[in-house]
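Trainee: Compute the structure for the input listed below.
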Amino acid sequence: MKAENKIFIKSFLLSGLVYTTLMAGFDYSDGQDFEILKLLFHFLFFGLFMGLLARYSHRKQIKKEMNETESKSYDTSL
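Mentor: The predicted structure follows:
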């Protein structure tokens, strides 16, 4: 499995779970009922957003590192 996919899955699960837990805690403190569809919605969409953001950030970092190593190889040949 690619590193990008691993990062996406880990970020999706972790951030979705944390956000859903916090939102369930706030709902519980307000005295609202436990709604599984609402929590599932929070988990999926927030987790998906954060997973995609982590994947984008990882790709950008890899590109930056590749460009830095290429520029260093050209500088040493001078």
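
Trainee: ok, which stretches of this structure are strands?
Mentor: With DSSP state E, there are no strands along the chain.

Trainee: Below-threshold pLDDT in it: ranges please.
Mentor: Within the chain, the stretches with pLDDT under 70 are 73-78.

Trainee: For the longest helix anywhere in it, name the packing helices and strands.
Mentor: For the chain, the longest helix by residue count, based on DSSP state H, is helix 36-76. On a contact count with 3 or more C-beta pairs under 8 Å, 6 or more residues apart in numbering; DSSP states H and E, helix 36-76 meets helix 3-29. Where C-beta positions appear, they are placed from N, C-alpha and C, glycine not excepted.

Trainee: report the angle between the axes of the helix it packs on and helix 36-76?
Mentor: Put simply, helix 3-29 runs at 140 degrees to helix 36-76, going by axes from the mean of the first three to the mean of the last three C-alpha atoms, to 10 degrees.

Trainee: Identify each buried residue in helix 3-29, please.
Mentor: Across helix 3-29, burial judged by 16 or more other C-beta atoms under 10 Å covers Ile7, Phe8, Ser11, Phe12, Ser15, Gly16, Tyr19, Thr20, Met23, Ala24.

Trainee: So which elements touch that helix?
Mentor: helix 36-76.

Trainee: Extract the C-alpha trace of stretch 23-32 and format it as CSV.
Mentor: Provided in CSV are the C-alpha atoms of stretch 23-32 (Å, rounded to 0.1, in the frame of the first residue of the first chain):
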residue,chain,number,x,y,z
MET,A,23,-19.4,16.5,19.1
ALA,A,24,-21.1,13.6,21.0
GLY,A,25,-19.7,15.0,24.2
PHE,A,26,-21.1,18.5,23.5
ASP,A,27,-24.5,17.0,22.5
TYR,A,28,-24.5,15.0,25.8
SER,A,29,-23.7,18.1,27.8
ASP,A,30,-26.5,20.0,26.2
GLY,A,31,-28.9,17.2,27.0
GLN,A,32,-29.6,16.2,23.4
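
Trainee: Understood, closing this out.
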